[in-house]
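> could you look at this predicted model? Sequence included:
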Amino acid sequence: MGLSRDQIRAVDDIKREAVTVEEWGGDVWVQALSVRARQQFVKLYGEDAGEPDVSADVWLTLTCACDEDGTRLFDGDDDDAEWLAGKSSRAVQQLGFACLKLNGLTEDAVGEAEKN
């Protein structure tokens, strides 16, 4: 028997994983992007995009960093983007890559998906 609309709606299908960030002395949870957030990412950072206001790693960290229950850590406002851009590039890049990987957006994952 197939799933009903209500069953699909009730499922928490946004995966999360903890990432150890040595520079910050602990774990930061990241979660997968929703369809809406993924569209925004592609619009901002895709091949046809202009010059974005913040780096992709900062945007991904602002958007994907969450607590263990999935509540976002950042509001994503300009203030958060500004001070996060001043943090360790290695730490923010690590979180950005973890988010890309979780969402199947790394070059390897995209190449593999194109084969299938």
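Structure's in. What do you need?
> pull the contacting residues for the closest residue to residue 15 other than its chain neighbours.
Nearest residue to residue 15 in three dimensions, chain neighbours excluded: residue 32, at 4.8 Å (C-beta to C-beta, 6 or more residues apart in numbering). Where you see a C-beta, it was placed from the backbone N, CA and C, and this is true even at glycine. If you count contacts by C-beta atoms under 8 Å, 6 or more residues apart in numbering, residue 32 has them with 14-16, 64, 99, 102-103.
> try it again with 10 Å
Contacts for residue 32 were tallied using C-beta atoms under 10 Å, 6 or more residues apart in numbering; they are 13-17, 38, 64, 70, 99, 102-104.
> could you give me the buried positions within the strand or helix carrying residue 97?
For residue 97, the host element (DSSP states H and E) is helix 89-102. Residues of helix 89-102 classed as buried: 91-100, 102 (neighbour count, 16 or more other C-beta atoms under 10 Å).
> just the closest of these to residue 57, please.
residue 96 (3.2 Å; C-beta to C-beta).
> show me the contacts for the closest residue to the closest one other than its chain neighbours.
The shortest distance from residue 96 to any non-neighbouring residue, by C-beta to C-beta, 6+ apart, is to residue 57 (3.2 Å). Counting by C-beta under 10 Å, 6+ apart, residue 57 touches 84-85, 89, 91-97, 99-100.
> phi and psi next, for residue 57.
phi -60, psi -40 (degrees, to the nearest 10).
> mind giving me the packing neighbours of whichever strand or helix holds residue 40?
Residue 40 belongs to helix 35-45 when assigned by DSSP H and E. Counting contacts by 3 or more C-beta pairs under 10 Å, 6 or more residues apart in numbering; DSSP states H and E, helix 35-45 packs against helix 56-64, helix 89-102.
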